[in-house]
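In: Sequence first, then the predicted structure:
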Amino acid sequence: MSDADAANGSSATAENAASGRGTGFKADSLALGMVIVLAMTIVQRAIGFFRGIWFCRLMDDAVVGQWSMAFGFITLITPVMLLGIPGSLPRYVEHFRSRGQLGSFLRRIGLTTGCLAVIGFCIMWCCPQWFGWLIFLQPQDATLIYAVGVGVLSIVFFNFINDLNSSLRQVRMVSVMQFMQGVGFGIGGVAWLATGGGLTGLVLTFSVTTLLATTPGLWRLRRGWSGMPTATESFDASKMWRRIVPYAAALWAMNLIGNVFELSDRYMILHFMPGAGVGGESIGQSAVGQYHSGRILPMLFLSLATLLGGILMPYLAADWEAGRVDAVRRRLKQVLLGVSACFTLIASGTLILSPWLFGTLLEGRYDDGLSLLPMAFVFCSWSALVMIGQNYLWVAEKGKWVTVALSIGLVSNIALNAWLLPLMGLQGAVMATLTANGIVMVGVWLAMVRCGFVADHTAFYVAVMPATVLAGPWVAVAAVTIVMITSPAMRQWADEGIALARERFAFLAPASA
């Protein structure tokens, strides 16, 4: 069977090459990819921001809390349910592609992913009341749980196609898919709610727009597949699984702990908010709605970090496979420093405008969300930096240390929430989450240093800049300015950006006499 896989791949590729079909997958450059992602993300996240605002305007805070829990469950349970198997794509696609074995690799990964997704959906179909309690703290209409199950299937398919395109370094296509999904759901979701639709229909709208957004990625895969390299050796499936399973197991453990960590603050608020005991579910749901409103803007950082981390990983893996370890460290350090500075400036500008945003766009209904905004920006920035920085550990196949750091952070988050929630309410929950995210960041940084990453003043700047927003937006702007002036790494990063811009737009320069 292994020999047949190799032979079939070789003959198919040779036939297509002979007939002139297939263009292969020409990798986009990392710098170009970052520029494209940034441009597309600005538009997409602006639409996502207004989508979140309109969701808060068109639903009461209890329903907003239910939507937050449903969406969190859909997006966070899928990597756990899939045992980390498709998460191996960014790390190993280049390895098998260069050997002409990508088709054999993907058939096994895709089949395993599909089977696990169907099993998960069937469990939700058979136990709707239990999942209603798990997600919403109370039994729900079975139709809503079935809709959530469909949402899980749709995001599994979207993520697989998205990750495969990203692993092949098709950054422009990934950006188009993300843009279509965000814009499509923004328009469809607001239109559904504006016409009187409910939560179940909103979840189904998410599912439909997510599936439609896979169209560009599927087209690109079909167009480029026939130009793939031919197999140079027979495919050994058992050897593949021996390498994939430890990586996937570490990734699965990280996703499990990370997703529980991500949801733990909301579940603690839902269950342990003062007055949210038996018969007081609406109090907890309303508190989650307020918490959700304060995270609308900061959560955009996590979305952007997820995109940047996903795009960066295949480039780091390619450098690592080629033995260019120093290039991996240099690239990652530049990205982390730039992201930290940009996020701090964006948070500062948003805090200046936040009274108007919450008073006008949210009609003054989410004052608790406004009060927690500075701390939310800090812990979301730290979490975003961890999302990007952890790529170093995964490319070095030392991802278990990410799980260790998240485990310590999870225990800290639960303990601090249990202590501070009854005393301080939502403010206590946010302080607990802020502290726990700081613990995770320090843990991941220490693990990176243990695995060869160089700790210097740049790493200190990366960690501290986001925290300066707690002292006020203008203090944060001043801190970023000082770093930009005094940091050699920041100046080098800026010089390379200017050089790239000159190269890309040289045609605009006037011709010399």
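Out: Arrived safely.
In: Output the below-cut-off pLDDT ranges for the stretch 201-350 of the chain.
Out: Where the stretch 201-350 of the chain drops to pLDDT under 70, the residues are 227-232, 274-282, 284.
In: Could you double-check that Thr209 lies in contact with Gly188?
Out: Yes. If you go by CB atoms under 8 Å, Thr209 and Gly188 touch, sitting 5.2 Å apart. Just so you know, the C-beta spots here come from the backbone N, C-alpha and C atoms, and that holds for glycine as well.
In: got a list of what the nearest residue to Leu420 once chain neighbours are set aside touches?
Out: Leaving aside its chain neighbours, Leu420 sits nearest to Gly428 (3.0 Å; criterion: CB to CB, 6 or more residues apart in numbering). Shown in contact with Gly428 (CB atoms under 8 Å, 6 or more residues apart in numbering): 417, 419-422.
In: Can you list which of these are found in helices?
Out: 417, 419-422 (DSSP state H).
In: just to revisit the earlier point, and the residue nearest to Leu420, how far from Gln290?
Out: Distance, Gly428 to Gln290, by CB to CB, to the nearest Å: 13 Å.
In: just curious, which of the contacts of Gly428 is nearest to Met313?
Out: Closest approach to Met313 among the contacts of Gly428 (CB to CB): Asn417, at 31.5 Å.
In: right, and the helix or strand after the helix or strand where Met299 lies?
Out: Using DSSP states H and E, Met299 falls within helix 298-321. For helix 298-321, the following helix or strand on the C-terminal side (DSSP H and E) is helix 325-356.
In: If I take that next one and helix 298-321, what angle do their directions form?
Out: Relative orientation of helix 325-356 and helix 298-321, computed by axes from the mean of the first three to the mean of the last three CA atoms, to 10 degrees: 170 degrees.
In: Show me which residues of helix 325-356 are buried.
Out: With burial defined by 16 or more other CB atoms under 10 Å, the residues of helix 325-356 counted as buried are 328-329, 331-348, 350-351, 354.
In: So what's the gap between it and the chain middle?
Out: 16 Å (CA atoms, centre = their mean, to the nearest Å).
In: Can you spell out which helices and strands pack onto it?
Out: If you count contacts as 3 or more CB pairs under 8 Å, 6 or more residues apart in numbering; DSSP states H and E, helix 325-356 packs onto helix 298-321, helix 373-389, helix 391-395, helix 457-464, helix 473-486, helix 488-504.
In: ok, 10 Å please
Out: Other elements packing on helix 325-356 under the criterion 3 or more CB pairs under 10 Å, 6 or more residues apart in numbering; DSSP states H and E are helix 30-58, helix 298-321, helix 367-371, helix 373-389, helix 391-395, helix 457-464, helix 473-486, helix 488-504.
In: and these, which one is worst for confidence?
Out: Of all the helices and strands packed on helix 325-356, the minimum mean pLDDT falls on helix 488-504 (a mean of 68).
In: show me the contacts for the most centrally placed residue in the chain.
Out: Taking CA atoms, centre = their mean, the centroid of the chain lies closest to Thr306, which sits 2.9 Å from it. Applying CB atoms under 10 Å, 6 or more residues apart in numbering, we find Thr306 in contact with 75, 178, 384, 387-388.
In: Ok, Val208 next?
Out: Here Val208 is in contact with 150-151, 154, 184-185, 188 (CB under 10 Å, 6+ apart).
In: Secondary structure element holding it?
Out: Val208 belongs to helix 199-212 when elements are defined using DSSP H and E.
In: next SSE after that helix?
Out: Following helix 199-212 in sequence order, the next helix or strand is helix 215-225 (DSSP H and E).
In: Name the residues of whatever helix or strand comes next after that next one that are buried.
Out: Using DSSP H and E, the helix or strand that follows helix 215-225 in sequence is helix 237-272. Neighbour counts using 16+ other CB under 10 Å place 240, 244, 247-270 of helix 237-272 among the buried residues.
In: relative to helix 373-389, how tilted is helix 237-272?
Out: Using the same axes, to 10 degrees: helix 237-272 against helix 373-389 is 170 degrees.
In: Figure out how far helix 237-272 is from the centre of its chain.
Out: Averaging C-alpha positions (CA atoms, centre = their mean) puts helix 237-272 14 Å from its chain's average.
In: So which other helices or strands are in contact with the helix or strand following it?
Out: Downstream of helix 237-272, the next assigned helix or strand under DSSP H and E is helix 281-295. Applying 3+ CB pairs under 10 Å, 6+ apart, one finds that helix 281-295 contacts helix 30-58, helix 61-81, helix 237-272, helix 367-371, helix 373-389, helix 426-450.
In: and Val404, which of those helices is closest to it?
Out: For Val404, the closest of the helices and strands packed on helix 281-295 is helix 426-450, at 6.8 Å, according to CB to CB.
In: now that closest one against helix 325-356, angle please.
Out: Interaxial angle, helix 426-450 versus helix 325-356 (the same axes, to 10 degrees): 170 degrees.
In: Now for Gly428 and Gln290: what residues contact both?
Out: Residues touching both Gly428 and Gln290 (CB under 10 Å, 6+ apart) are Ile269.
In: Please parse this structure into its domains.
Out: Here the domain parsing of the chain from automatic domain parsing is 1-235, 264-501.
In: how near is the residue nearest to Glu262 when sequence neighbours are not counted to Gln181?
Out: Ranked by CB to CB, 6+ apart and with sequence neighbours excluded, the top spatial neighbour of Glu262 is Leu76, at 5.8 Å. To Gln181, Leu76 is 17 Å away according to CB to CB.
In: quick one, which of those two is more surrounded?
Out: In this view Leu76 and Gln181 are compared by other CB atoms under 10 Å, and Gln181 has more residues nearby, 22 against 19.
In: Helix or strand: which one has that one?
Out: According to DSSP H and E, Gln181 maps onto helix 171-194.
In: Which elements pack onto that helix?
Out: Here helix 171-194 touches helix 30-58, helix 61-81, helix 142-167, helix 199-212, helix 215-225, helix 298-321, going by 3+ CB pairs under 10 Å, 6+ apart.
In: just to revisit the earlier point, pick the most buried one from the helices and strands packed on helix 281-295.
Out: Greatest average neighbour count among the helices and strands packed on helix 281-295 goes to helix 373-389 (a mean of 25), per mean count of other CB atoms under 10 Å.
In: Give the burial count for Asp456, as a bare number.
Out: Neighbour tally, Asp456, other CB under 10 Å: 10.
In: same deal with Ala322?
Out: By the measure other CB under 10 Å, the count of residues near Ala322 is 12.
In: which residues sit in contact with it?
Out: Ala322 is in contact with 94, 98, 328, counting by CB under 10 Å, 6+ apart.
In: ok, now which ones touch the first one?
Out: The one in question is Glu94. Going by CB under 10 Å, 6+ apart, Glu94 touches 27, 102, 167-169, 314-315, 317-318, 320-322.
In: and the helix or strand hosting it with helix 298-321, angle?
Out: Glu94 belongs to helix 89-97 when assigned by DSSP H and E. Angle of helix 89-97 versus helix 298-321, following the same axes, to 10 degrees, is 30 degrees.
In: Return, as residue ranges, the portions of the stretch 1-150 of the chain with sub-threshold pLDDT.
Out: Ranges of the stretch 1-150 of the chain meeting pLDDT under 70: 1-25, 27-38, 41, 45, 137-140.
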